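>>> quick check, what structure comes out for this input:
(2 chains)
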Amino acid sequence: MIPTLPATSRKTALTKLSGHRLINSPAGLAGTLWLSAIIIASLTAAWWLPYKTEDQDFTAVLSGPTAAHWLGTDELGRDILSRIFASAAETLGTSFITVIVGVGLGTLLALAAANSQRGEGIISRVTEVMMSLPGTVIILAIVGAVGTNIPLIMAILGVLISAGIYRVILGQAKSLQNQLYVDAAKVDGLGPFAISVRHVLPGLATTIVVQSALIFAVGLLIQAGLAFIGFGPPLPQPSWGGMIQSASQHVYDAPWLMVPTGVVLALTVLSANAIGNALGKAAHATASHLPSAAIRRKRAGQAVAAASAAPPVQDAPEAGKLSVRGLSVGVDGGTPLVTDVAFDVEPGTVLGLVGESGCGKTMTALSLMGLLPTGVAVTSGQILWNGKNLAAATDKDMDAIRGRDIALISQEPMRALDPMFTVGYQLTSAIRRLRSVGEQEAAAEALSLLEKVGIVDAKRILKTYPHQISGGMAQRVAIALALSGNPRLLVADEPTTALDVTVQAEILSLLRSLVKDTGMSVVMVTHDLGVVADICDHVAVMYAGQVVENGRAASILDNPRHPYTLALLAADPHANSAHDMPERLATIKGQVPQPKDWPTGCRFAARCQFAGSACTVPIPLLPSGTGAGLVRCVKADELAMEGLAWVPTDVPASHRLDIIEKDMA
Amino acid sequence: MATFVTKRLLMALATVLVVAVLAFLLVHAMPGSPGAVSLGAGASQDAIDQLNQSLGWNDPLVVQFFRWLGDAVQGNLGNSLIDGRSISTDLSNRLPVTASLAAGATVLSAIFGIVLGVTAAVRGGLLDQLIGGFVGLLVALPAFWIGVVFVYLFAVQSSVFPATGYVPFEVSPQEWAMSLALPVITLAAGGAAFIARQTRASMLEALQQEHIRTLRATATPTWKILYIHALRYASLPIVASIALQFIGLFGGSVIAEQLFAMPGLGQAVQSSVSTHDAPAVQGVVVIATVVVVAVNLVLELATKFLDPKLRAS
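The predicted structure follows:
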């Protein structure tokens, strides 16, 4: 197995608070502007308001907007504009009390719970109870006890709300608490309080700000609601809820009165929500496996256009043979992920796509089924299968091919099966659909398929849910599911990576016997050269989105031509037999470059022990001299002639430290 | 499963007890003794003291609480300080009103919320944005404001629905439904928005699951992936949000009850808080808690039943 570096960054719990997100979202920007405007206007109200809150203008009772009263007047001829802004500061300020108490207490509870398991048990129980209470009734009972003391009531509301905040923050606080650097800090002797403040709290910043904005909106609405039912500030002091209440008394004779206060309140709530949503928007959402209808329509249109633009399929391969020509896959924005990949898969043979993580193997494999993630698409090239170009096929065309012609097995069997349905349901419904048979026939076939993939108590397994079976068993079920349409080609995306070593061997031998029995062909994505040696007839070694070497598996394993293949073999503990096992296993320094960093010349040059000045120009894929093999290296012949090997290198001490620091950052 | 249910039942009982104690203490913190509240402003201090004595107000708090609890478990929540009517009877008349409101609004908001949320997640594009905007607006508009606008539109401008009042189901099922229409729609608006957001997020999350790719790889029709598999996966958080909605509406209906003159529990809290009617406040807090905790328990069990992992354990 190749020692791959943890190249792709895990979903980090730590997200930075970014003001850019606020400015980049139109709604967020508008919300910020409105909220700032209303805060400034309310703080300076005393200087610019045209009237005092109690000034009565008997010449204009219940008037609509006029030059003298821009937003009209109420039943006592009081100016609405003045009353809205005179009460704004107190309304906003007291709502902020709820935010401080609610979010503050919720955060403290979450930090405490993340710190100790026993604490979490108790706090979670208590907050659960708090959340299952009729909050409004309790707040009203509290109003009965303490009177209409708005700041105090808003603070108590904050206490009630903190339970919900705790729930939101807890998960994130726990994952931050479990980060390796927190363990390191503990080893350094940092106390729990210092860890919470220094290492956990900063990571929660975004969530805290988002929740604050949302709770501010909730506070505003509840406060207005209380005032509406008569528990606002004592009369005649104006309040937004109270003004809407008195307006509702005049809905028959002066409906306009409802508008100004309602709109100001709604806009303020909208603004707070918009700010929260803009800041809280996940920066990198996981791609959907079934894009929305709008995206699917767009894609179907593109596929039709591509099909009509593409040259007609010439020298179509024989039935059952897969021929990939000049395939490029890229992100919609333009970044290429796979460039100019070509290979053939003869019926009844197994092709291995080999390389480190991030080389485009999985993208290549998924493009064969038209199942690229949302936002990723085939940008050029052909995938020829039974006279059709699958690269230009619509989703509808592909539905006739998926399962029936080409089937998929994926890396993590547990996640590939639907957790909500039994194995039997998933299997029989696929068989019914793909073989057009009845219920009973499908049930019988499901049983025999499970037996075929080596499951002994198939009857029992049919009744289980995926979480009730082991990983190896789940992969057998997933293989049975893939076989349910009698496919001619199986796309297997690292089918053994997530399994135990002994189970890996069983699954491989199952696949081998299936190939022999059914005559289907397999495209096997793997980073394990042991798997290649075990099962593959042909190999395409991929690096940074390109095929760098391909040919017969046996000849490539015995006589690798590309330095990358050389390096992979040198780094594989299984490829080196026990007696000549070197003292130090070879490594490949550095990481697979990100697609945006791909050089124009040889993409492996930066990590290659043999790179020279000739490697800076684009390198073509040329015959390697061994059989029909091809290799993408200008130095291939030179290396072969001199019999050079990839040598293990010592990692300098300074470099080692560097890696540790990078991991902790 | 049996131990789980027992545990939850005990927990629910404990919750109600804790709330009963809190309500008791809260009521005792209310300004004015029961005698003063009951006899009104003009009463002499002697008369007030005498009434307080006979009501047991001067007994130790613990004695008072257990006396109240003993009566309460027998269904007697005491008498109103204002007009002396039995609180139990009064609340049992009000309970159906609030229950109709909360249940109706929960069902309506669940239907609209799920349809809107699923549509937004599934259709995407412009429709998603339009629904997002509409939902955002519904969340921001206070229920009482929406309610007044509804009154203006449907009762003042065109008298489709009665503006106020409640007709019991036994009197006339049709008029009962008509009298509930506006308050239920008013309460459901915000709830539908809340459920729509949760549904959209859960559907999108479901569609990110890897098993969706397996379903597509076996040529499962799109409608089946969306409405059988993804919706089933998303159902757990959606049901949880509906439960939260009901809790919020039960008692949260006070605004609608006030606005539409519905004689429900919310109105009872509002008026008894205004008049400092201590035993009435205490009674209504406890009854509302019992109902909410019970409904919550049922919905929680339903959620467990929806999840195969929890059902099996």
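
>>> out of the helices and strands in the chain, which is least certain?
Just going to use chain A. helix A:653-664 (a mean of 45; mean pLDDT, DSSP states H and E).

>>> stretch A:121-137 and chain B, are they touching?
Yes. Judged by Cβ under 8 Å from any Cβ of the partner chain, stretch A:121-137 and chain B are in contact via A:125, A:129, A:131-137. All C-beta atoms are positioned from the backbone trio N, CA, C, and that covers glycine.

>>> which of the residues you listed fall in strands?
For these, not one is inside strands, with DSSP state E as the criterion.

>>> buried among those residues? Make that a ChimeraX selection.
Typed into ChimeraX, the next command selects the buried ones out of those (criterion: 16 or more other Cβ atoms under 10 Å in any protein chain shown):
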select /A:129,131,132,133,134,135,136,137
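
>>> minimum pLDDT in the residues of stretch A:121-137 next to chain B, which residue is that?
Of all the residues of stretch A:121-137 next to chain B, A:S132 carries the smallest pLDDT score, 80.

>>> helix/strand/coil for the nearest residue to A:H250 once chain neighbours are set aside?
Computed as Cβ to Cβ, 6 or more residues apart in numbering or on different chains, the closest residue to A:H250 that is not its neighbour in sequence is A:L257, at 5.4 Å. Judged by DSSP: H, G, I helix; E, B strand; the rest coil, the three-state class of A:L257 is helix.

>>> distance of A:R488 from chain B?
15 Å (Cβ to the nearest Cβ, to the nearest Å).

>>> burial check on A:D79, number of neighbours?
Applying other Cβ atoms under 10 Å in any protein chain shown, we find 26 other residues in the vicinity of A:D79.

>>> just list whatever residues bridge to it.
Going by DSSP bridges, A:D79 is paired in beta bridges with A:T73.

>>> for it, give me its contacts.
By Cβ atoms under 8 Å, 6 or more residues apart in numbering or on different chains, the contact set of A:D79 is A:50-51, A:55, A:57, A:69, A:71, A:73.

>>> cool, and A:F58?
A:G77.

>>> out of the residues of stretch A:121-137 next to chain B, which are inside helices?
Assigned to helices by DSSP state H, the following of the residues of stretch A:121-137 next to chain B qualify: A:125, A:129, A:131, A:135-137.

>>> now, among the residues you listed, which is nearest to B:A155?
A:T136 (24.8 Å; Cβ to Cβ).

>>> okay, and the residue nearest to A:T626 when sequence neighbours are not counted sits in which element?
Excluding its sequence neighbours, the residue lying closest to A:T626 (Cβ to Cβ, 6+ apart) is A:S555, at 4.8 Å. Secondary structure assignment for A:S555, by DSSP states H and E: helix A:553-558.

>>> which residues of the chain fall in strands?
Here I'm looking at chain A. Under DSSP E, chain A gives strands at A:322-331, A:336-345, A:350-354, A:376-385, A:388-389, A:406-409, A:489-493, A:521-526, A:538-543, A:546-552, A:622-623, A:630-631.

>>> tabulate these (CSV), appending mean neighbour count and mean pLDDT.
Putting the strands of chain A into CSV (neighbours: other Cβ atoms under 10 Å in any protein chain shown; pLDDT from 0 to 100) gives the following:
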stretch, mean neighbour count, mean pLDDT
strand A:322-331, 20, 91
strand A:336-345, 21, 92
strand A:350-354, 27, 94
strand A:376-385, 20, 89
strand A:388-389, 20, 88
strand A:406-409, 28, 94
strand A:489-493, 24, 94
strand A:521-526, 26, 94
strand A:538-543, 26, 94
strand A:546-552, 24, 92
strand A:622-623, 12, 87
strand A:630-631, 26, 90
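
>>> check contacts around the residue in the stretch 551-665 of chain A that chain B sits nearest to.
Nearest residue of the stretch 551-665 of chain A to chain B (Cβ to the nearest Cβ) works out as A:P595 at 21.9 Å. Counting by Cβ under 8 Å, 6+ apart, A:P595 makes contact with A:331, A:335-337, A:544-545.

>>> same question, A:L49
So A:L49 contacts A:81-82, A:85-86 (Cβ under 8 Å, 6+ apart).

>>> looking at these, which are in helices?
The helices, defined by DSSP H, take in A:81-82, A:85-86 from the contacts of A:L49.

>>> which one of the residues you listed is nearest A:I195?
A:F85 (45.5 Å).

>>> what about the closest one, neighbour count?
23.

>>> excluding chain neighbours, what is closest to it?
A:A45 (4.6 Å).

>>> count the neighbours of the one you found for me.
Neighbours around A:A45, by other Cβ under 10 Å: 17.

>>> tell me the domain boundaries of chain A?
Structurally, chain A divides into domains by automatic domain parsing as follows: A:37-46+A:71-287, A:554-664.

>>> wait, which of those domains is closest to A:M363?
domain A:554-664 (10.3 Å).

>>> give the contact list for the closest residue to A:F343 other than its chain neighbours.
The shortest distance from A:F343 to any non-neighbouring residue, by Cβ to Cβ, 6+ apart, is to A:A540 (4.9 Å). By Cβ under 8 Å, 6+ apart, the contact set of A:A540 is A:341, A:343, A:351-354, A:547, A:549-550.

>>> give me every residue that touches the spatially most central residue of chain B.
Nearest to the mean C-alpha position of chain B, by Cα atoms, centre = their mean, lies B:F250 at 1.6 Å. B:F250 makes contact with A:134, B:98, B:102, B:265, B:288, B:291-292, B:295, according to Cβ under 8 Å, 6+ apart.

>>> close to chain B: what parts of the stretch 101-250 of chain A are there?
A:125, A:129, A:131-138, A:140-147, A:217, A:221, A:224-225, A:228-231, A:241, A:244-245, A:247-248.

>>> going through these, which ones are buried?
For these, buried by 16+ other Cβ under 10 Å: A:129, A:131-138, A:140-145, A:147, A:217, A:221, A:224-225, A:228-231, A:241, A:244-245, A:247-248.

>>> how long is stretch A:241-258 end to end?
11 Å (Cα to Cα, to the nearest Å).

>>> now that stretch: mean pLDDT?
For stretch A:241-258, the per-residue pLDDT averages 86.

>>> stretch A:81-93 too?
89.

>>> neighbouring contacts of it?
Residues contacting stretch A:81-93 (Cβ under 8 Å, 6+ apart): A:38-39, A:41-43, A:45, A:49-53, A:55, A:69-71, A:74, A:150, A:220, A:223-224, A:233, A:237-240, A:243, A:260-261, A:264, A:268.

>>> just the buried residues out of those, in ChimeraX syntax.
To isolate the buried ones among those in ChimeraX, judged by 16+ other Cβ under 10 Å, type:
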select /A:38,42,45,49,51,53,69,71,74,150,220,223,224,233,238,239,240,243,260,261,264,268
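
>>> surely the residue nearest to A:H250 and A:G72 touch.
Yes. Shown here, A:L257 and A:G72 form a contact pair, counting by Cβ atoms under 8 Å, at 6.7 Å.

>>> which neighbours do these two share?
The contact lists of A:L257 and A:G72 share A:62, A:80, where a contact means Cβ under 8 Å, 6+ apart.

>>> where exactly do the helices run in the stretch 51-200 of chain B?
Using DSSP state H, counting those that start in this stretch, the helices found in the stretch 51-200 of chain B span residues B:61-73, B:87-123, B:125-140, B:143-150, B:173-207.

>>> nearest approach to B:L301 belongs to which of the ones you listed?
helix B:87-123 (17.0 Å).

>>> so which elements touch that closest one?
helix A:293-309, helix B:125-140, helix B:173-207, helix B:231-252, helix B:254-259, helix B:265-274, helix B:278-306 (3 or more Cβ pairs under 8 Å, 6 or more residues apart in numbering or on different chains; DSSP states H and E).

>>> for these, which one sits closest to B:L9?
Nearest to B:L9 among the helices and strands packed on helix B:87-123 is helix B:278-306; the distance by Cβ to Cβ comes to 7.2 Å.
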